[in-house]
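# How does the following fold in three dimensions:
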Amino acid sequence: MVSMLLAFLLMYPLFKIGTLGAGDIKTLIMAACFLRVREFLTVLAAAFVIGAAICAGKLLAEHNGKERLLYLLSYVSEVIRSGHWKLYGEDLKQDQMLYRRNKIHFTIPVLLGAALRIGGMI
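Presented below is the predicted three-dimensional model:
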C-alpha cells in the first residue's frame, strides 16, 4: 500500500507536465502493488536508467539530439520566465508526426526494470 502511494506521489508531477502518460503511471502503481518500498525504488531507478538508454539510442538513430536539447532548454527557460508549468511538447501537437516521434512508451522500461528485479539481477 505504501509503495502504491509512493508511486503515485513521485510520478504525478511528471504526469501533470505531460512527461509521463496515464498508462505509464498506472503501470508503475500496479508494479508497486507487488513490491516493498525499497524494491519499488530499485525498479523505478532501473526504469529511468533503461528509459534514458532507449532515449539516447533513439536520439542517435534519428539524429535530432541538438533539436531536442534546444527544445528542452527553451521549455525550461519559458517555465522559469513565466513562473508556471506548462505541458511539455504541447506546442508540437499540431504536427502529430513530430509530436509522436519525440516520445517513448515508458511502460517498456518499467517492464524491463521489474523483470531485472524479479530475476535478481538488480
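# Please name the nearest non-neighbouring residue to the residue sitting nearest the centre point of the chain.
The residue lying closest to the centre of the chain (C-alpha atoms, centre = their mean) is residue 20, at 4.8 Å. What sits nearest to residue 20 in space, not counting adjacent residues and going by C-beta to C-beta, 6 or more residues apart in numbering, is residue 14, at 4.4 Å. Using the backbone N, CA and C atoms, a C-beta is placed for each residue, glycine as well.
# any idea which helix or strand comes after the helix or strand encompassing residue 49?
Assigned by DSSP states H and E, residue 49 belongs to helix 37-62. Where DSSP H and E defines the elements, the next helix or strand beyond helix 37-62 is helix 65-82.
# tell me the angle of that following helix relative to helix 37-62?
Orientation check (axes from the mean of the first three to the mean of the last three C-alpha atoms, to 10 degrees): helix 65-82 against helix 37-62 gives 120 degrees.
# Does the residue nearest to the centre of the chain belong to a helix, a strand or coil?
Look at residue 20: counting by DSSP: H, G, I helix; E, B strand; the rest coil, its state is coil.
# Next, work out how far apart it and residue 43 are.
15 Å (C-beta to C-beta, to the nearest Å).
# likewise residue 55?
18 Å.
# So for the two, which sits in the more crowded spot?
residue 43 (28 against 17; other C-beta atoms under 10 Å).
# Return the residue spatially closest to that one, with its sequence-adjacent residues excluded.
Residue 43 sits nearest to residue 113 (C-beta to C-beta, 6+ apart), 4.5 Å away.
# next one: residue 51
With sequence-adjacent residues excluded and distances taken as C-beta to C-beta, 6+ apart, residue 51 is closest to residue 109, at 3.9 Å.
# Okay, now the unreliable bits of this protein?
The chain contains residues with pLDDT under 70 at 92-101.
# run the last query once more with 50
The chain contains no residues with pLDDT under 50.
# ok, back up a step: hmm, the residue nearest to the centre of the chain is touching residue 105, no?
No: with contact defined as C-beta atoms under 8 Å, residue 20 and residue 105 do not form a contacting pair (10.3 Å).
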